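Participant: Sequence and predicted structure are below.
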Amino acid sequence: MDKINLPKWNEMNDTTKQVIVSCAASAAFAGAKAAGKWWKNRIKSGTVLELILKQDTQVVEVTEPPLWGRWPGEEAPLVVWDILECLEIATRDPKITGLVLNIDPNFKIGFAQLQEIVEAIHVFRKAGKTAVTFLETLMEVGSNVLVVYTLASACDSIIIPPYMGVALTSILPGAPFVKKMLDKLYIDEELTQRREYKSAANMFREETLTEPHKEQLTELIDNFTAQLFEMIAKNRGIDLEQVRNIVTDKGPIVNADEAKELKLVDQFAYPDQFYGDVLKEKFGKKHTLLFATEYLRRRSGWRLTSSKGKKKIALIFAEGAIHRGPSGKHGSGGSNSIGSSTLCDTIRQAREDKVNAIILRVNSGGGSASASDLIGRELLKAKEDNIKVIVSMSNVAASGGYMISMFADRILALPGTITGSIGVIWGKFNVRKFWDYFGITWDFADHEDNAKFYSMLLPYGERNKERMEHCCDHIYSKFKGSVASARGIENEEKMEELARGRVYFGNKCQDNKLISDEGGIMKAFDVTRDELGLNKGDKMKVQVYPKKIPTWKKLTAKPTNSRQYCAQSLNIAGGGVLGTCATFVSSLQRFQTVVQLALSQPEMQTLQQLAQASTEKAPSAMCTLHLGVTA
């Protein structure tokens with residue numbers, strides 16, 4: 001090869017020199033930028049993760065920042081999937097030596113979510129890593145103190161300030177009833193339910209607990225408390241009977257010294273002492289604290305969604321009340337909801353991408369029966385395409401939440417998951433006398449009897465009520481039949497016994513075939529590998545659906561058919577037929593000024609509290625006083 005003679009620098013013209021200098025400068029800048037990014041995102045050896053669970057912070061399944069972003073100081077909800085992945089990555093990361101949990105006792109978490117995080121902390125500790133908990137108080141807390149303490153007990157050490165004690169109280173089972181308030185407002189309810197354990201309508205029809213309602217509530221609380229006691233005993237190395245005695249005999253409050261003597265806490269320290277000498281003692285003087293959220297960002301390449309594999313997995317989250325139309329949130333920062341059009345569209349998107357399996361994470365107490373049925377149908381279509389469907393139940397997957405889960409190849413639930421509630425509620429409220437009281441009257445021309453079926457100003461009437469009861473029986477029968485077929489329950493009497501609107505904790509469901517396995521979302525990936533014939537630990541290509549769409553595209557999208565709507569346009573709010581409490585109370589809010597004339601101040605405050613609690617669970621963009629069919 002001939003030797004190439006490059007011109008010397010002083011022989012080059014000015015243009016060539018400028019090009020060379022520009023290229024060199026660009027390369028140097030790119031290299032410096034890459035080095036700076038690496039330096040900024042590096043993980044030091046001896047790093048300790050810090051997970052702060054702040055007051056009133058809600059642990060959710062999925063979240064998406066508002067279009068306009070979050071307000072300064074506005075806390076983003078904690079996503080349980082992020083916490084679990086963070087702990088899983090940290091467990092196998094040699095540069096992570098420990099975990100610090102800083103817990104405010106008034107943070108909000110569901111029972112099943114708590115069990116998943118506790119299990120993840122156990123795995124973290126089994127890898128030879130240390131976890132410690134700091135709580136500023138375990139006395140100035142609400143009724144969820146046992147839940148908070150159970151999470152804290154998963155760590156090696158529990159540390160509290162020396163002047164504080166520990167409040168461990170039993171759970172007080174109860175339910176609100178608004179029948180007397182309805183009577184005072186001259187509002188008549190016309191509700192029906194299938195069957196006696198479908199207790200959501202009781203708050204409008206009764207003044208006290210019915211026997212089936214009381215029976216079910218007592219069973220649930222006993223099971224819930226027993227699970228908490230067992231977890232605390234295991235975590236703290238205390239005899240189970242001793243834990244019961246501490247709560248029932250020593251409680252409701254023990255002082256700091258008593259708490260240490262009873263092995264409820266390990267050490268005393270103020271915040272400055274904890275973040276100073278205590279952490280140096282636990283992790284060494286050269287340890288580095290790093291927020292868990294920042295760690296997950298820096299280790300994003302280690303996440304399941306970044307892994308490569310031959311098998312494609314669609315991970316879909318379904319959280320909130322179920323309704324027809326697009327998914328969304330109620331109000332600013334409100335709760336998630338499940339819109340059938342959005343979720344069906346998401347499942348279709350996964351089918352069109354020819355994924356090998358769908359993992360559907362469900363956290364829903366139900367809602368519209370028709371919306372739930374549409375979602376279930378779409379999952380059946382996925383199975384017809386030879387796509388494995390795995391459902392991972394979170395805190396609750398009951399009623400409509402169970403309806404969208406029942407067709408899965410495998411259903412996983414945590415021991416603390418609430419599921420079942422195979423039943424139906426139907427009905428409406430009649431507010432004509434409410435308006436009459438304030439001098440607003442209504443009159444109607446001649447009409448067919450069935451014209452008043454959906455009217456909130458006229459009662460059903462005998463024939464309409466008879467048809468409603470008949471249709472309610474039909475829907476209940478279809479619901480039971482679908483469950484029996486999907487879950488392989490051949491005995492009709494057994495199926496009726498399992499149904500009746502009754503709810504169960506997950507630890508009671510494997511034997512009666514309502515679920516397939518116990519476990520959380522991380523186990524769902526192992527089950528998926530098993531269903532696909534892979535070995536444990538084999539990598540899979542995981543994609544969260546629906547796929548993220550740039551904001552500008554959402555704003556400018558012009559769908560050309562209905563199949564593109566939910567995937568391409570903004571989902572700002574949900575609607576449809578929703579849960580009974582949300583529907584009724586949010587409707588009354590529209591008449592708040594009028595209602596205030598009829599209610600005392602304490603009664604009005606109670607109504608507003610019910611409204612707030614209700615709208616956290618379901619959007620009310622299209623609420624009416626007619627409830628429709630709710631599962």
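Facilitator: Ah, there it is.
Participant: Would you check that Lys465 makes contact with Glu190?
Facilitator: Yes. Lys465 is in contact with Glu190 according to Cβ atoms under 8 Å; the separation is 7.3 Å. In this view, the C-beta of every residue, glycine as well, is placed from N, C-alpha and C.
Participant: more crowded one of these two?
Facilitator: More neighbours surround Glu190 than the other of Lys465 and Glu190, with 18 against 15 (other Cβ atoms under 10 Å).
Participant: State whether that one is indeed within a strand.
Facilitator: Yes. Under DSSP: H, G, I helix; E, B strand; the rest coil, Glu190 falls within a strand.
Participant: Quick check: Asn512 is in a helix.
Facilitator: No. Using three-state DSSP, the secondary structure at Asn512 is coil, not a helix.
Participant: who touches it in this structure?
Facilitator: Taking Cβ atoms under 8 Å, 6 or more residues apart in numbering, we find Asn512 in contact with 489, 498, 504.
Participant: and the first one, what pLDDT?
Facilitator: Right, the one you point to is Ile489. Looking at Ile489, its pLDDT is 94.
Participant: count of residues packed around it?
Facilitator: 17.
Participant: Quick check, it in contact with Ser482.
Facilitator: No. In this structure Ile489 lies outside contact range of Ser482 using Cβ under 8 Å: 10.8 Å.
Participant: Average pLDDT for the strand ranked longest in the chain, rounded please.
Facilitator: Counting residues, the longest strand found in the chain (DSSP state E) is strand 388-398. Mean per-residue pLDDT for strand 388-398: 97.
Participant: Show me what that strand pairs with in its sheet, parallel or antiparallel.
Facilitator: Sheet pairing for strand 388-398, assigned by DSSP bridges, gives strand 357-364 (parallel), strand 410-413 (parallel), strand 418-420 (parallel).
Participant: how about those in CSV, adding mean neighbour count?
Facilitator: Listed next are these as CSV, based on neighbours: other Cβ atoms under 10 Å:
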stretch, mean neighbour count
strand 357-364, 26
strand 410-413, 26
strand 418-420, 27
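Participant: Of the ones you listed, which is nearest Gly520?
Facilitator: strand 410-413 (7.1 Å; Cβ to Cβ).
Participant: Which stretches in the stretch 151-300 of the chain count as helices?
Facilitator: With helices called from DSSP state H, counting those that start in this stretch, the stretch 151-300 of the chain shows them at 179-184, 202-205, 211-236, 240-245, 256-261, 271-273, 279-283, 292-298.
Participant: got TSV for those, with mean pLDDT, mean neighbour count and distance to Asn10 too?
Facilitator: Converted to TSV, these look like this (pLDDT from 0 to 100; neighbours: other Cβ atoms under 10 Å; distance: least, Cβ to Cβ, whole Å):
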stretch	mean pLDDT	mean neighbour count	distance to Asn10
helix 179-184	94	15	95
helix 202-205	92	20	91
helix 211-236	94	17	77
helix 240-245	92	15	86
helix 256-261	91	16	81
helix 271-273	95	13	66
helix 279-283	94	17	60
helix 292-298	92	17	48
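Participant: Could you point out which of those sits nearest Arg92?
Facilitator: Between the helices of the stretch 151-300 of the chain, helix 292-298 lies closest to Arg92; by Cβ to Cβ that is 13.1 Å.
Participant: now the helix or strand following the closest one, how far from the centre of its chain.
Facilitator: Sequence-wise, the next helix or strand downstream of helix 292-298 (DSSP states H and E) is strand 312-319. Its chain's C-alpha centre lies 14 Å from the corresponding centre of strand 312-319 when counted by Cα atoms, centre = their mean, to the nearest Å.
Participant: Give me the contact list for strand 312-319.
Facilitator: 60-62, 81, 305, 336, 338, 343, 346-347, 350, 353-364, 375, 394, 404, 525, 528, 540-545.
Participant: Quick one, which of these are buried?
Facilitator: Taking 16 or more other Cβ atoms under 10 Å as the criterion, what is buried in the contacts of strand 312-319 is 60-62, 81, 336, 338, 343, 346-347, 350, 355-364, 375, 394, 404, 525, 528, 540-543, 545.
Participant: count of neighbours near Arg377?
Facilitator: The burial count for Arg377: 14, using other Cβ under 10 Å.
Participant: Quick one: residues contacting it.
Facilitator: Cys344.
Participant: looking at this, it is in a helix?
Facilitator: Yes. Counting by three-state DSSP, Arg377 falls inside a helix.
Participant: From Ile404, how far off is it?
Facilitator: Arg377 is 10 Å from Ile404, where distance means Cβ to Cβ, to the nearest Å.
Participant: Kindly report the same for Cys23.
Facilitator: The gap separating Cys23 from Ile404 is 57 Å, by Cβ to Cβ.
Participant: what do you get for Gln227?
Facilitator: The value you get for Gln227 to Ile404, if Cβ to Cβ is used, is 25 Å.
Participant: any chance you could map the helices in the stretch 351-500 of the chain?
Facilitator: For the stretch 351-500 of the chain, the helices defined by DSSP H, counting those that start in this stretch cover 369-384, 400-403, 432-437, 462-487, 492-498.
Participant: returning to that earlier point: export the helices of the stretch 151-300 of the chain to JSON lines and tack on distance to His474?
Facilitator: Converted to JSON lines, those look like this (distance: least, Cβ to Cβ, whole Å):
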{"stretch": "helix 179-184", "distance to His474": "28"}
{"stretch": "helix 202-205", "distance to His474": "22"}
{"stretch": "helix 211-236", "distance to His474": "23"}
{"stretch": "helix 240-245", "distance to His474": "47"}
{"stretch": "helix 256-261", "distance to His474": "57"}
{"stretch": "helix 271-273", "distance to His474": "61"}
{"stretch": "helix 279-283", "distance to His474": "62"}
{"stretch": "helix 292-298", "distance to His474": "49"}
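Participant: do you know which of those helices lies nearest Asp56?
Facilitator: Counting by Cβ to Cβ, and looking across all of these, nearest comes helix 292-298 at 17.6 Å.
Participant: count of residues packed around Ser516?
Facilitator: Ser516 has 18 neighbouring residues, counting by other Cβ under 10 Å.
Participant: Quick check: it touching Leu412?
Facilitator: Yes. Using Cβ under 8 Å, Ser516 makes contact with Leu412 at a distance of 6.7 Å.
Participant: wait, doesn't Lys95 sit right on Leu49?
Facilitator: No. Counting by Cβ under 8 Å, Leu49 is not a contact partner of Lys95; they are 10.6 Å apart.
Participant: More neighbours: these two, which one.
Facilitator: Leu49 (26 against 15).
Participant: so the more buried one sits in a strand?
Facilitator: Yes. Assessed with three-state DSSP, Leu49 lies in a strand.
Participant: just for the stretch 451-600 of the chain, where's the confidence low?
Facilitator: 550-559, 562-600 (pLDDT under 70).
Participant: Asp239: neighbouring residues, count only.
Facilitator: By other Cβ under 10 Å, neighbour count at Asp239 equals 10.
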